[in-house]
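**Student:** From the sequence below, what's the structure:
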Amino acid sequence: MNAQPKNPQRDNRQHYYTMLAIGKAELKWDDEFYYGIWLPMQGATKKDGKYSASTMSIGQLSAAVEQMRRSGFKPKSKKTKYTHDADWRKPRIAKLNAMWIKMADAGAVEDRSQDALETWCKRHHKKDRLQWCSSAELDTCVNMLTQWAQRLAVAVK
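**Tutor:** Residues are numbered from 1 along each chain as shown. Down below sits the predicted model:
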């Protein structure tokens, strides 16, 4: 298998193109201003009849993103997104644990541990850990546990 080595310069260019597109949208610049006025001021030249960021050097792209920042563009870090993504699972997993314990207290479940709950959920979603489940999979587990509790007349809410 011949793996092509990544071109760091190309990856970096793609990052700048993405930042320019996001900045253009966030700053609410229309195409006429962006392509007709702003890009040429940043050093872009015409390609296929219109000004294009792909004609700019890495230095020009970097300077253009900095100019957008001075104009009010505030790029958001990916780390913020990932931190947020991890947080949404905690309340759902806590809800599942609370429901599982209530089922155990009512005698419907023999083992009240989280390991037992994860084993039960694994049968339905083939995931070893609840933290690895998707939103839909966690919702399915909550709904299935709720229905099971209703059949046995156990108040889990």
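
**Student:** Return the set of buried residues in stretch 97-109.
**Tutor:** For stretch 97-109, a neighbour-count test (16 or more other Cβ atoms under 10 Å) marks 97, 99-104, 108-109 as buried. The C-beta positions use only the backbone N, C-alpha and C, and glycine is treated the same way.

**Student:** Kindly apply the preceding question to stretch 31-44 instead.
**Tutor:** For stretch 31-44, the buried set under the neighbour-count rule, 16+ other Cβ under 10 Å, comprises 34-35, 38-39, 42-44.

**Student:** would TSV of those with distance to K28 be doable?
**Tutor:** Formatted as TSV, the buried residues of stretch 31-44 follow (distance: Cβ to Cβ, whole Å):
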residue	distance to K28
Y34	10
Y35	15
W38	13
L39	16
Q42	18
G43	23
A44	20
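
**Student:** Out of those, flag the one nearest to A25.
**Tutor:** If you rank those by distance to A25 using Cβ to Cβ, Y34 comes first, at 10.0 Å.

**Student:** That closest one is in contact with K24, isn't it?
**Tutor:** Yes. Y34 lies in contact with K24 (Cβ atoms under 8 Å); the separation is 5.2 Å.

**Student:** hmm, which helix or strand of the chain has the shakiest average pLDDT?
**Tutor:** For the chain, the helix or strand with the lowest mean confidence is helix 78-87, at a mean of 52 (criterion: mean pLDDT, DSSP states H and E).

**Student:** on that earlier part again, from the buried residues of stretch 97-109, which two are the most distant?
**Tutor:** Across these, no pair lies farther apart than N97 and A108, at 15.0 Å, counting by Cβ to Cβ.

**Student:** Using the three-state scheme, assign the most far-flung residue of the chain relative to its centre.
**Tutor:** Note on the chain: the largest C-alpha distance from the chain mean falls to G107, namely 39.5 Å (Cα atoms, centre = their mean). Of the three states, G107 takes coil under DSSP: H, G, I helix; E, B strand; the rest coil.

**Student:** So it versus M19, what's the distance?
**Tutor:** From G107 across to M19, the span is 58 Å (Cβ to Cβ, to the nearest Å).

**Student:** can you pull the buried residues of whichever strand or helix holds T18?
**Tutor:** Following DSSP states H and E, one finds T18 within helix 8-26. By neighbour count on 16+ other Cβ under 10 Å, the buried set for helix 8-26 is 13, 16-17, 19-20, 23-24.
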